[in-house]
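[1] My questions concern the predicted model and sequence given below.
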Amino acid sequence: PDVGRTGNVPSTGSVGITLRGAGFGSLAFSISGRVGQSSCESSVWESDSSVVCRTGRGVGGARRVSLTAMVRTGTLSGAMTYDVPSLGNLGNQIAGGGSGNRPSTGSVSISVGGTGFGMFAATAGVRVGHSACEATDWLSDSSVVCRTGRGVRGSRRVTVTAGAAVGTLSDVFSFDSGRVVSVEHNESVGTSLTVAGSGFGSFGGSVGVRVGYSGCEATEWISDSSVVCRYGSGVRGTRRVAVTAGERGGTLTEVFSYATAMSGISMGNVP
């Protein structure tokens, strides 16, 4: 048999594709088709040059199509593909609703909706930015739940991989910006401030602090909600304190000022 035409089908399968060629035999019982390693759910012989194959479900990339007529087999490589995953929306499974932002601490579930996610749990994987989800829970061909990891960067893409096919939705996810709640002067240290808030990241290398326009001489990350800053010298009045975590920043205005000192005035006669 000489196989000549196939196409693209949904990952759910059960779609008829018409195989055209020559040498398919003269009787209906003499023919059978395969897509990749799987037999067609059914093969309907139409003529010596046409057979209809009802595909099974799948998520792989390009597949060969084989047609067996009695004891002879014809093959067309890379002739059929399953649809790549298509991401349509990003929901959530946390109290309060709303999609998009998540805490920088991670370990929060997001629900990814779309099509082509496969027909069983082992077929789908999800990534947020460059990081794989901590856990992925396949629900159906159109829904997957991902438990996000920690992070501090801005907008990220979400990617679903089903078998050998990949689908992506850009700029649909971001971590919460850093939020400064209070600034406390550490009297015992002298030029040190403790900045309290949220979204400061999960490790020391992710955060920086500025007092006014000047970066702190040293910044010590304590936790996602606390950072210690050793500030530099200055003479200006009230200043804002800004915390940058990854690509996101949080600011609290008019919370810091340098002390004004006056040692004395010497008075004397003048002409």
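    Yep, it's here. This one's a predicted model, so the numbers in the text were calculated from it and none came from an experiment. Numbers count the residues shown, from 1 in each chain.
[2] what secondary structure does Ser43 sit in?
    Assigned state for Ser43: strand (three-state reduction, DSSP: H, G, I helix; E, B strand; the rest coil).
[3] shaky segments in the chain?
    Counting by pLDDT under 70, the chain contains low-confidence ranges at 1-7, 28-29, 60, 89-100, 122-123, 153, 187-190, 205-206, 236, 259-271.
[4] Can you pull the phi/psi pair for the closest residue to Ala69 other than its chain neighbours?
    Spatially, and ignoring its direct neighbours in sequence, Ala69 is nearest to Gly25 (4.2 Å; CB to CB, 6 or more residues apart in numbering). (C-beta placed from N, C-alpha, C; glycine too.) With angles defined as degrees, to the nearest 10, Gly25 shows backbone torsions of phi 90, psi 180.
[5] Next one: Gly25 from Ser50, what distance?
    From Gly25 over to Ser50 the distance is 11 Å, taken as CB to CB, to the nearest Å.
[6] Contact partners for the residue nearest to Ala69?
    Under the criterion of CB atoms under 8 Å, 6 or more residues apart in numbering, the contact list for Gly25 reads 1, 31, 45, 48, 69-70.
[7] okay if I get the residues you listed as CSV plus neighbour count, secondary structure and distance to Val228?
    Supplementary listing: the contacts of Gly25 in CSV, determined by neighbours: other CB atoms under 10 Å; DSSP: H, G, I helix; E, B strand; the rest coil; distance: CB to CB, whole Å:
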residue, neighbour count, secondary structure, distance to Val228
Pro1, 24, coil, 75
Ile31, 22, strand, 76
Trp45, 19, strand, 78
Asp48, 15, coil, 82
Ala69, 19, strand, 78
Met70, 12, coil, 81
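[8] can you put these in TSV and add distance to Thr244?
    Formatted as TSV, the entries for the contacts of Gly25 read as follows, by distance: CB to CB, whole Å:
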residue	distance to Thr244
Pro1	65
Ile31	67
Trp45	68
Asp48	71
Ala69	68
Met70	72
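[9] for the residues you listed, which one is nearest Thr219?
    Proximity of the contacts of Gly25 to Thr219 (CB to CB) peaks at Pro1, which lies at 71.1 Å.
[10] So which residue is dead centre in this protein?
    Val128 (1.8 Å; CA atoms, centre = their mean).
[11] Show me the beta-bridge partners of that residue.
    Taking DSSP bridges as the rule, Val128 bridges to Ser131, Val158.
[12] Could you list which residues are in contact with it?
    Here Val128 is in contact with 110, 146, 148-149, 151, 156-158, 173 (CB under 8 Å, 6+ apart).
[13] Taking these, tell me the two that lie furthest apart.
    Using CB to CB, the pair of the contacts of Val128 lying farthest apart is Gly149 and Arg157, separated by 14.7 Å.
[14] between the two, who's got more neighbours?
    More neighbours surround Gly149 than the other of Gly149 and Arg157, with 18 against 15 (other CB atoms under 10 Å).
[15] Phi, psi for the nearest residue to the more buried one once chain neighbours are set aside please.
    In this structure, Gly149 finds its nearest non-sequential neighbour in Gly106, 4.5 Å apart by CB to CB, 6+ apart. Phi and psi for Gly106, reported as degrees, to the nearest 10, are phi 70, psi -160.
[16] roughly how far apart are Gly106 and Phe173?
    From Gly106 to Phe173 the distance is 12 Å (CB to CB).
[17] Between those two, which contacts overlap?
    Taking CB under 8 Å, 6+ apart as the contact criterion, the residues that touch both Gly106 and Phe173 are Thr148.
[18] quick one: which of those two has more around it?
    More neighbours sit around Phe173 than around the other of Gly106 and Phe173, counting by other CB under 10 Å; the figures are 23 against 17.
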